[in-house]
Structure formats: C-alpha cells, structure tokens
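# okay, predicted coordinates and the sequence, questions at the end:
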Amino acid sequence: MPSDPQIDLAVLESKLVERADGLLTYIGRKTSASVRRQISPDDILQEVWLSAFQHLATFRAHDSDSLDRWLTTLTDRALINAIRKCKALKRGGDWRQATNVSGTLVGLWHWATSSQKTPSREASGAEIEQAIRNGLSELSDRYAQVLRLRYFEGCSVQELSDQMQISRSAGHSLLYHARRELCVAMGSPRAYFSDAPDSDGGEACDN
C-alpha cells in the first residue's frame with residue numbers, strides 16, 4: 001500500500017482484483033439464502049466496484065489498513081442496498097418473478113439506465129433485449145462476449161471466467177468495464193423509446 005494519501009485508478013483496480021475473493025466470501029457470510037436467490041454475491045461485488053471507482057476521490061490512506069476498511073464500508077453499503085431491494089420486491093408482490101433479477105437482461109437494463117428517466121418498467125422483454133443487443137454492437141469483442149455470457153447465457157462469473165480462460169477476479173474486472181462501456185454506448189434512452197425524456201444526469205455510469 002503506497003504512503004500517498006490518494007491512489008490512482010490503476011492501483012485501485014489492482015487492489016480490487018486482489019481482494020475480490022475475500023470480499024465475495026464476506027458478502028456470502030453477510031447474506032441469507034433468500035437474498036442470494038434474488039441478488040447474487042457476484043452482482044453485489046460489481047456494485048462495490050462501481051462505488052469504489054465513483055468515490056475514489058474521497059478515499060484517503062491514513063495507514064496500511066485504510067483501503068481494506070474503506071472497501072469493507074462500501075461492501076456493507078452495497079449489502080444494505082441489496083437487502084432493501086429484496087424487501088421492496090417482497091412487499092411489492094413480485095418475489096417469485098424477480099428471482100435473481102440482477103443477473104438477467106432486465107437487471108442489466110436497469111443498471112445501465114438507472115440514472116435516466118426511462119419507461120424501463122413498461123418496456124417489454126423484446127424491447128430490452130434489442131436495446132442491449134444494439135449497445136453490445138458498439139463494444140469490443142471481449143466486452144461483448146463477457147456480457148453475452150453473463151446476461152444472455154446465464155453464466156456465473158466463475159463460469160464465464162473459465163470459458164474466457166481468466167481468473168475469477170479478472171472476470172469481475174472485465175465484467176465491470178464491459179458494463180461501464182455498455183452504459184456509455186447505450187447513451188440516451190431516446191435511442192430505444194420514442195417517448196423517453198433525455199437523461200438529466202446521475203451516477204449509473206462512472207464517466
């Protein structure tokens with residue numbers, strides 16, 4: 001851990017890769033089976049990655065354990081958000097239909113457009129699939145492949161990592177960057193729905 005109170009993006013990514021397995025174990029211990037049926041630990045970890053990159057400017061390294069404490073705090077926040085989402089789904093009566101929604105095309109759509117005032121809840125499955133396919137066509141082959149494996153073929157992060165012959169931690173890194181690039185590629189919801197208003201900003205994409 002460098003003594004500099006700040007770290008750059010490259011250092012952060014290397015630290016996230018190093019700590020991915022440990023954070024997944026932590027997430028697994030902190031979540032119940034019912035939560036894991038709705039949101040997988042891999043998808044919660046993806047939210048930790050997103051939050052870490054978005055809030056890197058707020059991080060200060062006071063000692064060698066600072067980064068671990070910061071990542072644990074971000075993970076706890078992601079866990080709280082995941083549990084709240086599960087409770088909200090249960091209250092709304094969509095518990096059975098929402099099984100592991102975070103690992104589906106609908107989950108990817110909501111993630112990519114969460115900062116936009118889109119009619120995504122009213123969008124049909126076919127519309128969502130076509131919108132995502134359009135976005136994938138703008139990505140590199142490797143980014144498109146990892147997203148297809150995860151969201152079209154239903155592979156776990158371990159399974160897609162095995163297919164791509166990379167470590168699970170590297171799979172998380174690739175998936176994070178691919179999701180980020182898809183978010184950028186999809187741009188305004190006007191590209192997919194004629195009645196959708198323009199985006200007014202937000203933090204879904206880490207630009």
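Happy to help now that I have it.
# please identify the helix or strand for the closest residue to residue 55 other than its chain neighbours.
Distance criterion CB to CB, 6 or more residues apart in numbering; nearest residue to residue 55, sequence neighbours excluded, is residue 74 at 7.5 Å. Every C-beta, even on glycine, is put in place using the N, C-alpha and C of the backbone. Element membership for residue 74 (DSSP states H and E) is helix 66-92.
# just after the least confident helix or strand in the chain by mean pLDDT, pick out the following helix or strand.
Lowest mean confidence among the helices and strands of the chain (mean pLDDT, DSSP states H and E): helix 105-113, at a mean of 60. Later in the chain than helix 105-113, the nearest helix or strand by DSSP H and E is helix 125-136.
# give me the buried stretch members for that next one, please.
128-129, 131-132, 135-136 (16 or more other CB atoms under 10 Å).
# for it, what is the average pLDDT?
Helix 125-136 shows a mean pLDDT of 78 in the predicted model.
# go on, stretch 147-154?
88.
# quick one, what contacts the residue nearest the centre of the chain?
Centre of the chain computed as the mean C-alpha position; nearest residue by CA atoms, centre = their mean is residue 46, 3.9 Å away. Residues in contact with residue 46 (CB atoms under 8 Å, 6 or more residues apart in numbering) are 172, 175-176, 179.
# how about those residues in CSV, adding neighbour count, distance to residue 186 and pLDDT?
Putting the contacts of residue 46 into CSV (neighbours: other CB atoms under 10 Å; distance: CB to CB, whole Å; pLDDT from 0 to 100) gives the following:
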residue, neighbour count, distance to residue 186, pLDDT
172, 24, 21, 92
175, 24, 16, 91
176, 22, 16, 89
179, 24, 11, 87
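# closest to residue 51 among those residues?
Using CB to CB, residue 176 comes nearest to residue 51 of those, at 11.1 Å.
# what pLDDT is listed against the residue nearest to the closest one when sequence neighbours are not counted?
Spatial nearest neighbour of residue 176, chain neighbours left out: residue 49 (4.5 Å); criterion: CB to CB, 6+ apart. Note on residue 49: pLDDT of 89.
# so the helix or strand hosting residue 49 versus helix 66-92, what angle?
Residue 49 belongs to helix 41-54 when elements are defined using DSSP H and E. For helix 41-54 against helix 66-92, the angle by axes from the mean of the first three to the mean of the last three CA atoms, to 10 degrees is 120 degrees.
# so for helix 41-54, what gets flagged as buried?
Buried residues in helix 41-54 (16+ other CB under 10 Å): 41-53.
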